[in-house]
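Chemist: predicted model, plus sequence, below.
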Amino acid sequence: MSKRSVKITLSAVLVAAAALTAAPANATPSKGPLKEVRVSHHFDLSAGQMPENLTLLPDGTAAVTFARSRQVAQLSRGGATRILATLPAPADGGVNTPALGFPLATGIVHTSDGTVYVLYATGTAELTGLWRLRPGQEPQRIAALPADGLPNGLALDKRRGQLYITDSVLGTVWTVPTSGGTPTAWSTAPELASTGFLGANGAKVRNGALWVTNLDKGTLLRIPIRHGNRAGAPRVKASGIVGIDDFAFTGRGGDVLAAVNGPNTVVRIRPDGTSTTVLDGADGLQNPTSVALRGNDVYVLSAAYTTATDPNLLRARLHGPWGWHSAVR
């Protein structure tokens, strides 16, 4: 597939993202705590290698989803990319995938036994849902999700053995055990709904709560996980960050690093809800989609959905009093 073909395929994304190009309302420029910024991996745009989400594996590598090529890949520390699996293509080509019009692999997490879980949106009942990838085995769908939705963010609660799935079109958080089965609509709170494009997006479990972003509304939400795995009432922890995608906690307090897709930035969100830009296009960002941390090492994926130039993985080091230090590398 040529770069021109990719641009045509993503025309719906270009139109929808046009409204997301303004800087976050409460962000101020800064280049403070992130140092040694570099691009460690470049991906093949013509092959649909638009990285959407990543999970950091115990051996020091990372597993990522390539949205447009429907693939799961492993990234080595030396810069190599190895395809682990390609999810099956829908018979209709995925033209009915809500909001986007093409099938895409989205959220990804892993468990300690090496199992990788991936979300797949296709617009078809046969394929849309949660997929499991075990070493040496073919991918297997273990939970079906609505074909008229867009499963996007995926979070793991290790203690409870539960997965949480954000649906960006239906404005729903689903929950399903790591063993698979029929998903339960965990929350349909209005704070999760979109305003026309994509709502509930990134997801993380932390300190007894599920944290979720809403791309259209520009919010970061905290939803308590109550007894019996019931959802509490969402609370807005940050707002005014339209285009916010995936995020990661820095490891100290409530500080967050978040990818802001349309504006092409990474912002630091403080516990009081204010945000500061810490990376931008000058650093190599190309529509950032996901952030992860291993110790002081920061990983940022860029999908180049609208820039259509250089999908990549950016690496940086976290410094300063709000960072944290670890022997893990």
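Modeler: Ah, there it is.

Chemist: surely Val118 is in a strand?
Modeler: Yes - the assignment for Val118 by DSSP: H, G, I helix; E, B strand; the rest coil puts it in a strand.

Chemist: that one bridge partners, please.
Modeler: Val118 forms beta bridges with Ile108, Trp131, as assigned by DSSP bridges.

Chemist: same check, this time on Pro224
Modeler: Bridge pairing for Pro224 - DSSP bridges - gives Ala209.

Chemist: dump the residue contacts of it.
Modeler: Neighbouring residues of Pro224 by Cβ atoms under 8 Å, 6 or more residues apart in numbering: Gly208, Ala209, Ala231, Gly232, Ala233. Placement of C-beta: from N, CA and C, glycine included.

Chemist: of those, buried ones?
Modeler: By neighbour count, with 16 or more other Cβ atoms under 10 Å, those hold Ala209, Ala231 as buried.

Chemist: and which of the contacts of Pro224 is nearest to Gln74?
Modeler: Comparing the contacts of Pro224 against Gln74 with Cβ to Cβ places Ala209 closest, at 30.3 Å.

Chemist: surely the closest one touches Leu221?
Modeler: No - counting by Cβ atoms under 8 Å, Ala209 stays clear of Leu221, with 9.3 Å between them.

Chemist: rewinding a little: any chance of the contacts of Pro224 in TSV, plus pLDDT and distance to Arg159?
Modeler: Putting the contacts of Pro224 into TSV (pLDDT from 0 to 100; distance: Cβ to Cβ, whole Å) gives the following:
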residue	pLDDT	distance to Arg159
Gly208	95	10
Ala209	97	13
Ala231	98	17
Gly232	98	17
Ala233	98	22
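
Chemist: could the contacts of Pro224 be laid out in TSV, adding distance to Asp44?
Modeler: Converted to TSV, the contacts of Pro224 look like this (distance: Cβ to Cβ, whole Å):
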residue	distance to Asp44
Gly208	41
Ala209	38
Ala231	40
Gly232	43
Ala233	44
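
Chemist: out of the contacts of Pro224, flag the one nearest to Arg82.
Modeler: For these, the closest approach to Arg82 (Cβ to Cβ) belongs to Ala209, at 35.0 Å.
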